[in-house]
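Novice: please work out how this folds:
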Amino acid sequence: MREQTLGVGIIGCGNISQAYLSLAPLFRGVRVVACADIDRKASAQRAGEFGVRSEIDVYIGRKGVEITTPVQEEIEALLPMPIRRR
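Specialist: Purely as a prediction, here's the structure:
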């Protein structure tokens, strides 16, 4: 039986995203395919470092994180606690 790989996207390209992206290859069956940040420059920089796409648009509003680009992968939001609680 062939193992299925789950493509994931990471929202939040601050300091902790470097750890997630660096360690992701250690997890069997998971592949980071994209990253996003409200600061597009930070997203593009982190994407360039790790060879993933960064064209996913995110919006952080009253209801929390909204992804405004259609995606087919799972998303992990790496956000400061005050934003997660909205």
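Novice: now the strands for this protein?
Specialist: Ranges of strands in the chain, per DSSP state E, are 6-11, 30-36, 58-61, 64-67, 74-77.
Novice: averaging pLDDT over each of the ones you listed, which comes out lowest?
Specialist: Among these, strand 74-77 carries the lowest mean pLDDT, a mean of 58.
Novice: number of residues surrounding Ala19?
Specialist: By the criterion of other C-beta atoms under 10 Å, Ala19 has 10 neighbours. Any C-beta I mention is one placed from the backbone N, CA and C, and that applies to glycine too.
Novice: any idea how far it lies from Ser43?
Specialist: Applying C-beta to C-beta, to the nearest Å, the value for Ala19 to Ser43 is 16 Å.
Novice: where does the chain dip in pLDDT?
Specialist: Applying pLDDT under 70 to the chain flags residues 1-2, 56-86.
Novice: 50 - rerun?
Specialist: Across the chain, residues meeting the criterion (pLDDT under 50) sit at 83-86.
Novice: identify the single longest helix in it, thanks.
Specialist: The longest helix of the chain (DSSP state H) is helix 40-50.
Novice: ok, residues contacting that helix?
Specialist: The contact list for helix 40-50 (C-beta atoms under 8 Å, 6 or more residues apart in numbering) reads 13-14, 17-18, 21-22, 32, 34-37, 53-54, 56.
Novice: can I get it in CSV, CA atoms only?
Specialist: Extracted in CSV, the C-alpha atoms of helix 40-50 (Å, rounded to 0.1, in the frame of the first residue of the first chain):
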residue,chain,number,x,y,z
ARG,A,40,3.6,39.5,1.9
LYS,A,41,7.3,40.4,2.0
ALA,A,42,7.8,38.1,5.0
SER,A,43,5.8,35.3,3.3
ALA,A,44,7.8,35.7,0.0
GLN,A,45,11.1,35.6,1.9
ARG,A,46,10.2,32.5,4.0
ALA,A,47,8.9,30.8,0.8
GLY,A,48,12.1,31.5,-1.0
GLU,A,49,14.2,30.0,1.9
PHE,A,50,12.3,26.8,1.8
